[in-house]
Structure formats: C-alpha cells, structure tokens
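> Based on what follows, work out the 3D shape:
(one chain, ligands or ions: 1)
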Amino acid sequence: MEIAFHGKRALVTGASQGIGREIVKQLVKCGAKVVAVSRNKNLLESLKAEVPSVEIIVVDLSNWAETEKALKNVGPVDLLVNNAGLAILEPIGQIPQESVDRIFDINVKAVINVTQIVAKGLIARKAPGAIVNISSQASKVGLQDHAAYCASKGAVDAFTRVAALELGPHNIRVNTVNPTVILTDMGKLGWSDAAKAGPMLEKIPLKRFGEVHEVVDAILYLLSDKASLVNGVSLLTDGGYVAVSSKMNISFVGKQALVTGAASGIGKEITQRLVQCNAKVIAVDINPELLNSLKREIPTVTPLALDLSKWENVNNLNLLELGHVDLLVNCAGVCFEEKITEITERNVDRQFDVNTKLIINLTRKVASDLISRNVPGSIVNISSQASMAGIVLQSVYCATKGAVDAFTRAAALELGPYGIRVNSVNPTIIMTEMGRRAWSDPVKSAPMLAKIPLGRFGKVEEVADAVIYLLSDRASLINGACLPVDGGFLAN
Ligand SMILES: NC(=O)c1ccc[n+]([C@@H]2O[C@H](COP(=O)([O-])OP(=O)(O)OC[C@H]3O[C@@H](n4cnc5c(N)ncnc54)[C@H](O)[C@@H]3O)[C@@H](O)[C@H]2O)c1
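As a prediction, this is how the structure comes out:
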C-alpha cells in the first residue's frame, strides 16, 4: 500500500523516543514535513541530527499553559499524532494522587489540549485533517496494577469518539490505535519480567508482543486518505488479545482461586482461564511432575502438590499462609471402570474419597474461612453427566457424581445466606486423560456419540467457559444449579 503525505505537515508528540521517534521517521519518509514535540531536548536534538528536515519543539505537555504557549505559532498542521504517554504501575490501595495527576496530565489532558489547538487551526483554514491518538489495549481490558493507566486510556478512547463526532463535519477524522505490549522503554518497564510477561503472552493469540513498526503502520494508515471513511474508531493492534480476553468480559482482579486437579485436563484449562481473567490461582494436584510443568507454563500460579482426598491434608491447609480463597473449583476426580459384580471396596473408597469427600471437606474449609471473613464467594464443583444418567461400567463413578450434585444443592441452601454461591458443572465426555482412558475405543464411543444431539464430545474450553461464568458475578443469581455442558445428552 503506497502511502504519501507530500505537501502535508504533521505534529507528533512524545517524538523523541520509542514509537513516537519511529512515527516521525516514517512520516518524513512518506513525504510529510514533521514537527516533533517532546520535553527531552537532548533526544529531540539527536532526532534532528538524524533527520535534519524535522522541526523540534521542546515543551512539557503535562503543563497546559506552557503547551498552549509553545504551540501558539506552530503554523499549519494537517496531521496530528498524540503519542506522548506515561505508565506508572501501582496496586489499588497504593495509588497516590500524584500518580493519577501525572498520568492524566499527559495521557488525557495533553491529548485534549493539543487536539484543540490543531483542530482550531484546521477549522480556521477550512483544511481537512487527520488525528490519531495512541491509546492501548488497556482501554478495553483490566490489567493488574494498571488502574490509573487503564482509566486514562479509556478516557482517550471516549474523548476520541466525541472528537470524531464534533470534528467530522469539518472533515477532520479522529481515531485511536490501541497496541498491545510493545517492547519500547515503556513496554520494558511493565513487561520485562518473564513471570509477568508469560501469562500475558499466553493470552495473545499470535503469542508475541508487538513490534514498533506494526503500530506505526496502523498510524500511517489512519492518517492517510486510504482511511478516508474511518472516523471515531479504536483500532486494536494487539495480536487478538482483546478479542479473546473480553470474550465474556470477566475479571477476577483481586480474587484468589483454588483449583483442585489443576495440573491436567479440565482443571488445567480452568487454571489458565482464571489467570487470564486476572485471578491469583493456587493450583493443587496430587501429581508433582504435572504441577511442575504447569508452573513452567504459567509461572504466576502457586503450585501445591497434595493428595487432598486425605481428610487431614485439607485440615492442614493454611489459608493464612496461602492467602484467602474467594473462588473454589473442585475439579480433581478419578474414574475406575468395573462391572457391578466385580466392584471392590478399595475402588469404591478411592472414587468416593476424591470425587465426593474431598469436595465436601474442602467446601467446609473454604466456606468457614469466607464466613469468618464475612466476604462473598463462589464454588463450582465439577460433576458429570454421569450424575444424572447411568453409564455402563461406571456405577460407582455415577454414584460419586450423584452425591456431588446432591451436596451442591444442600451447600447452596446453607451457604447462600452468607453470599456464597455453590453450583456444579456436569460435562459430557471430554477427551482428557480420563476421557481417553474410558472412551478411546470407537466401538464404545459410537453409541454414546449417537446419544449426543450435537454429535460430538466436548472440549476442555467449553467446560472452562461454563465454570468461569458460574464463578463470576455474571452468574450472581445462580445458586444450587447443576449445569449440563453435554451437547444435549441429558435432554434425551
Ligand atoms: N474427561 C471427561 O470425560 C469428564 C466428563 C465429566 C466429568 N469429568 C470430571 O472432570 C474432572 C476433571 O477430569 P479430567 O477429565 O480433567 O481428568 P484428568 O485425569 O485429566 O485430571 C484429573 C486431575 O485430578 C488430579 N487428582 C486426582 N486425584 C487427586 C487427589 N487426590 N488430590 C489432588 N488431585 C488429584 C489428577 O492428578 C489430575 O491432574 C473430574 O472431576 C472428572 O470426574 C470428566
């Protein structure tokens, strides 16, 4: 795509480094005259040395009056890129007024101020114009410790829409570009730590952070006549991050979840999704090797290798040390197939210990803590379609899951008055380790598939979606429900 800005004059803020510096160079390459604005005189001078045609203006944009003064005689500007920005990362509860002021002064007020100055000039000259504000994916989704930054970028998007509305009739288009993490100096500040970057990368479908030129390309497009009908848009350059993470727009910021059976299959998917939704997760599993590999994949989880089917192991859990639990997912489970005539006491005990008694015991433990702290909670038990339909060779497993549903209803009744919701999710066959063990033989699986109206088994993602929903406030009136995720099997 050939983009040319011959005869146009562009103003770029925050032009001395990072994305802004690259925007300046590319605009010049495309034939524009560029006014580069920044508060850093040395860096601006080095830019001028590199690209001599650039005019430079040194001003601290966070000072409204100084900015007006500095740009008073800037001359005709056709294209504006409001790129200057600041990120300060602090958890809610520790954000001082000074941080909010610094962030809003530069990220929001400077955008409004410079836009007004340029728009007034354009309107007076009756000239068409294009303005691009550099926002962020942070305007669309919550990011840990980014509260003030996210709020400021939300404000940029909102201002942009109004500016598009008011300036459109003057043939001035106003849009934003909303990048994911770009490893400029600002990007490195927030995302150099692998423990933090890992889960974020995990959430970006393209599995990488952005390159400066990818943001600049989007900006050049929006500034150009190729985007002549694009106005009031927030263009995500985020590798698909927002499309995925705002799937249900659920955030568990500030919440801690405990997931049992977290190292494999359905539990692992639920753990990943909880982390994506900003929850802290204590991942419990009996299998230390699988837990180690989970920790390598998702460094932010707290792994706990424990056999929770042992009553005393649950008793000994120290929720003060581990941090309190707001969300509990009882997912650990085992299934041993046997003919009714060959059932052994050992297998009855093993299945009831994990599938049923563990849920009862851990619910007791977590609910007591929630009640003593007087905070609400949400508990989801992974039951099965086997709780409601008989399955050949799985009589004991069916009984353990029937007990889970019955316990779920009673727990919902007793814990509801304390603001603790308890529900179960009842999946059909999912091809995890457990699913494969029982259902890999097509001779066995074909009749089961024939009974599922959707004609297929489920995916771990589909179970996790239901669990995340039930854990969240989106399901705030759902309590004591057993939700089949079964393609219609139980409707049969
Ligand atoms: N896969 C299916 O077809 C299917 C269908 C319906 C319901 N479910 C239920 O979903 C849940 C998860 O099953 P999955 O398919 O992901 O199986 P999976 O075998 O992949 O995962 C089960 C996990 O539970 C852990 N675990 C077992 N005993 C434990 C104990 N005592 N303490 C701590 N952790 C323990 C295992 O190590 C494993 O990581 C189970 O409750 C199962 O009954 C599965």
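> How about the secondary structure of the residue of the chain most remote from its centre?
Residue distances from the centre of the chain (Cα atoms, centre = their mean) peak at residue 341, which lies 49.9 Å from the mean C-alpha position. Using DSSP: H, G, I helix; E, B strand; the rest coil, the three-state assignment for residue 341 comes out as helix.
> Tell me the strands beside the helix or strand that contains residue 132, with direction?
Here residue 132, judged by DSSP states H and E, is contained in strand 129-134. If you go by DSSP bridges, strand 129-134 pairs up with strand 79-82 (parallel), strand 172-179 (parallel).
> downstream neighbour of it in the secondary structure list?
Next in sequence after strand 129-134, counting helices and strands by DSSP H and E, comes helix 147-167.
> Can you mark which positions in that following helix are buried?
By neighbour count with 16 or more other Cβ atoms under 10 Å, helix 147-167 contains the buried residues 147-157, 159-161, 163-164, 167. Every C-beta, even on glycine, is put in place using the N, C-alpha and C of the backbone.
> With stretch 309-321 instead?
Residues of stretch 309-321 classed as buried under the neighbour-count rule (16+ other Cβ under 10 Å) are 309, 313-314, 317, 319.
> cool, and stretch 445-463?
445, 448-449, 451-452, 457-460, 462-463.
> now the strand holding residue 132: how far from the chain's centre is it?
When distances are taken as Cα atoms, centre = their mean, to the nearest Å, strand 129-134 is centred 27 Å away from the chain's centroid.
> same question, stretch 270-289
Distance, stretch centre to chain centre, for stretch 270-289: 15 Å (Cα atoms, centre = their mean).
> near the ligand, from the buried residues of stretch 309-321?
Cross-checking the buried residues of stretch 309-321 against the ligand (Cβ under 6 Å from any ligand atom) gives residue 309 as the overlapping residues.
> Residue of the stretch 51-200 of the chain closest to the ligand, please.
Residue nearest to the ligand within the stretch 51-200 of the chain (Cβ to the nearest ligand atom): residue 199, separated by 20.1 Å.
> for residue 70, helix, strand, or coil?
Classification of residue 70 by three-state DSSP places it in helix.
> show me what contacts it?
Applying Cβ atoms under 8 Å, 6 or more residues apart in numbering, we find residue 70 in contact with 37, 57-59.
> quick one: it and residue 383, what's the gap?
Separation of residue 70 from residue 383 (Cβ to Cβ, to the nearest Å): 66 Å.
> same check, this time on residue 321
Counting by Cβ to Cβ, the gap from residue 321 to residue 383 is 30 Å.
> Buried residues of the helix or strand hosting residue 201, list them for me.
Here residue 201, judged by DSSP H and E, is contained in helix 194-203. Going by neighbour count (16+ other Cβ under 10 Å), the buried part of helix 194-203 is 196-201, 203.
> what does stretch 203-219 give?
Of the residues in stretch 203-219, those scored as buried under the neighbour-count criterion (16+ other Cβ under 10 Å) are 203-204, 209-210, 212, 214-219.
> Closest one of those residues to the ligand?
Of those, the one sitting nearest to the ligand (Cβ to the nearest ligand atom) turns out to be residue 203, at 21.5 Å.
> The closest one reaches residue 244, doesn't it?
Yes: here residue 203 lies in contact with residue 244, judged by Cβ atoms under 8 Å, at a distance of 6.3 Å.
> quick one: common contacting residues for these two?
Counting by Cβ under 8 Å, 6+ apart, the residues touching both residue 203 and residue 244 are residue 276.
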